[in-house]
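Novice: Quick check, what structure comes out for this input:
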Amino acid sequence: MIESGQKKVLFGISFDGVPMSGLIVEFIKSAEVFHECGYEIFFDLGYDIKADKYNFHKEYDESSRWLPEWIQLKRTCTSSDIAGYNRDSVDYVLKNVIPCTDGGAELKDEWREIDSLSQVIKDRILEVWRDLEVSFVMVENGTLPENIIFTNALCNAIEEYGKEQGLDRFVMWRDHDLMWWSEPGKYGEEPYLTTPRLRQSPYIQYVVLHDLAKEKLSEWSPGANVVVLPNTFDFSPLAIDAENQSFRQDFGIPEDALLIGRCTRIIVQKRIDRDIDLLARLNRIALEQGLEREIHLFVAGNVDEDKDEFHRLKKMASELGVGDRVTFGNELRSHGKVHGPSQNQARYSIADLLSHCQLNSFLTSYDYEGFGNPIGESVASGVPYITTSYELYDSIYRQLGLRAPVLGISEEEDGLADENFVREVYSLLTDDGKRDSIAHQNYRCGQEHLALTQLENRLKSLFSL
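Specialist: Numbering: from 1, shown residues only. Next up is the predicted model:
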């Protein structure tokens, strides 16, 4: 709780290491609640935290163009001026220390180096917080052991800063992804002995997205203060208007085409190959049945994040004869109605794409997703969706009573769509009445459980805003 006259400054830290992702979108939604309560907002994108994004030492330069103007980018530390701390050292720990099932007891030199670097980084974090007079900290995805050097530094900085400043609960530590569901096996085996446990700290409010995550974390770290706060979405009605009416024309999509959206990052784990295969098969059915409308796919992710995957998908689309019906939008800004566009952002948003879509797709892999924001965005936008039965789908969305074609997959069976699913999607795509009925029911169910107002109310209650 902020005392009267105390400066209101929120400092966010992402462990994602990219300028835009579903995690960043959720940070923006939460940070906006604080911003509207008078907080100045600073944000570290985590370029010097996550090794596999290859952004260590990278300048922020154009990164801010994806963020609202009220967010100021600020690094907690610059890896280039900390001896021994770089992408290679972080990657080494992830691949050689984290997987140790015995807790890495024999890796004494490695643990000494981890502790030494953590101490230096902790001091850098404290310097930044003191300089900015930070009064609240928001951590995104800090538990997943991608970089325990930084995690330990951050936890120790929180304890020291909280005592020094006489603060109460001033940290929201939100985990979007956890070891049990995010690429199992990458982080070793349960009970994940090398991963820092949640702390029983008076300063930290741990937040997870669903009940199953709370159950797992509470078993793994008994006594930690964990609450459930699902991702939420803007249920403002979408429409084709003067600002977005040229969307199709600008991207070369026929006005009468049936359009499927795919709002995701272009990485292997998102399984966009399934969408391209589905698109080719849908167009073949359309040809067989004499449908005079083309079926198109729009992929909204950054084509530079994984260039090999992007080129593989382009080649696949060409080989399947739908190269001219797949549009790679190369990053649309996040839902414009959530936080208002920055003047530096791309012209069009995810909301604009959804306004023009007949369906939104989420044919993701089985064991990668921590929540599945594109489904919530579809529901809130009044657009029917299609999805896989990824590991957390039932516990997050199906239990709300939402309706959609669902491609059944599992850890063992995670391949292309079967013919029954393709036919079900075609039937929905070409039936306006069915789409409207499903969209209306989903919108009603979703609004009850997933509306932004719920996030605002919970944050104000948890942190006395």
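
Novice: since we're on Gly185, how many residues are nearby?
Specialist: For Gly185, the neighbour count with other C-beta atoms under 10 Å is 9. In this view, the C-beta of every residue, glycine as well, is placed from N, C-alpha and C.

Novice: Kindly report the same for Val227.
Specialist: By other C-beta under 10 Å, the residues close to Val227 number 12.

Novice: can I see the domain layout of the protein?
Specialist: Here the domain parsing of the chain from the TED database is 9-229, 246-450.

Novice: Would you reformat those as a markdown table and include distance to Ser464?
Specialist: What follows is the domains of the chain, written out as a markdown table (distance: least, C-beta to C-beta, whole Å):
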| stretch | distance to Ser464 |
| --- | --- |
| domain 9-229 | 9 |
| domain 246-450 | 23 |
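
Novice: Export these as JSON lines, with columns for mean pLDDT.
Specialist: Formatted as JSON lines, the domains of the chain follow (pLDDT from 0 to 100):
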{"stretch": "domain 9-229", "mean pLDDT": "93"}
{"stretch": "domain 246-450", "mean pLDDT": "93"}
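
Novice: Out of those, the one nearest Leu459 is which?
Specialist: When these are compared by C-beta to C-beta, domain 9-229 sits nearest Leu459, at 4.9 Å.

Novice: Helices of the stretch 101-250 of the chain, start to end?
Specialist: Listed in chain order, the helices of the stretch 101-250 of the chain (DSSP state H, counting those that start in this stretch) span 108-132, 148-165, 211-220, 247-250.

Novice: and Arg75, which of the ones you listed is closest to it?
Specialist: helix 108-132 (7.8 Å).

Novice: So which residues make contact with that closest one?
Specialist: 9, 11, 42, 74-77, 82, 84-85, 89, 93, 96-97, 104, 134, 137, 148-150, 152-154, 156-157, 160-161 (C-beta atoms under 8 Å, 6 or more residues apart in numbering).

Novice: Can you turn the buried part of these into a ChimeraX selection?
Specialist: Burial among these is assessed by 16 or more other C-beta atoms under 10 Å; the matching ChimeraX selection reads:
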select :9,11,42,74,75,76,77,82,85,89,93,97,104,134,137,148,149,150,152,153,154,156,157,161
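
Novice: in this protein, which spans are strands?
Specialist: Ranges of strands in the chain, per DSSP state E, are 9-14, 40-44, 71-73, 136-140, 171-175, 204-208, 226-228, 258-262, 295-299, 326-328, 359-362, 385-388, 406-407.

Novice: The shortest one pairs with which strands, and in what direction?
Specialist: Just to be clear, that refers to strand 406-407. Using DSSP bridges, the strands paired with strand 406-407 are strand 385-388 (parallel).

Novice: got the contact list for the strand it pairs with?
Specialist: For strand 385-388, contacts defined as C-beta under 8 Å, 6+ apart pick out 271, 274, 359-366, 372, 374-375, 378-379, 393, 397, 404-409, 425, 428, 442.

Novice: What residues are bridge-paired with the closest residue in space to Ser218 that isn't next to it in sequence?
Specialist: Excluding its sequence neighbours, the residue lying closest to Ser218 (C-beta to C-beta, 6 or more residues apart in numbering) is Val226, at 5.7 Å. The partner list for Val226 in beta bridges (DSSP bridges) reads Tyr206.

Novice: Val226 against Leu209, yeah?
Specialist: No: using C-beta atoms under 8 Å, Val226 is not in contact with Leu209, being 11.3 Å away.

Novice: picking up where we left off before, what about the domains of the chain, which gets the closest to Ile240?
Specialist: The nearest among these, by C-beta to C-beta, is domain 246-450 at 5.2 Å.

Novice: Just the terminal-to-terminal distance for that closest one.
Specialist: Using C-alpha to C-alpha, to the nearest Å, one end of domain 246-450 lies 30 Å from the other.

Novice: can you give me how far that domain is from the chain middle?
Specialist: Its chain's C-alpha centre and that of domain 246-450 lie 16 Å apart, by C-alpha atoms, centre = their mean, to the nearest Å.

Novice: surely Thr143 meets Leu178?
Specialist: Yes: with contact defined as C-beta under 8 Å, Thr143 reaches Leu178; the gap is 6.5 Å.

Novice: Helices along the stretch 251-400 of the chain, start to end?
Specialist: 272-288, 307-319, 336-339, 350-356, 373-381, 393-396.

Novice: Need the winner for burial among the ones you listed.
Specialist: Mean neighbour count (mean count of other C-beta atoms under 10 Å) peaks for helix 373-381 among the helices of the stretch 251-400 of the chain, with a mean of 27.

Novice: Now restrict the contacts of strand 385-388 to buried residues only.
Specialist: Of the contacts of strand 385-388, these count as buried by 16+ other C-beta under 10 Å: 271, 274, 359-366, 372, 374-375, 378-379, 393, 397, 404-407, 409, 425, 428, 442.
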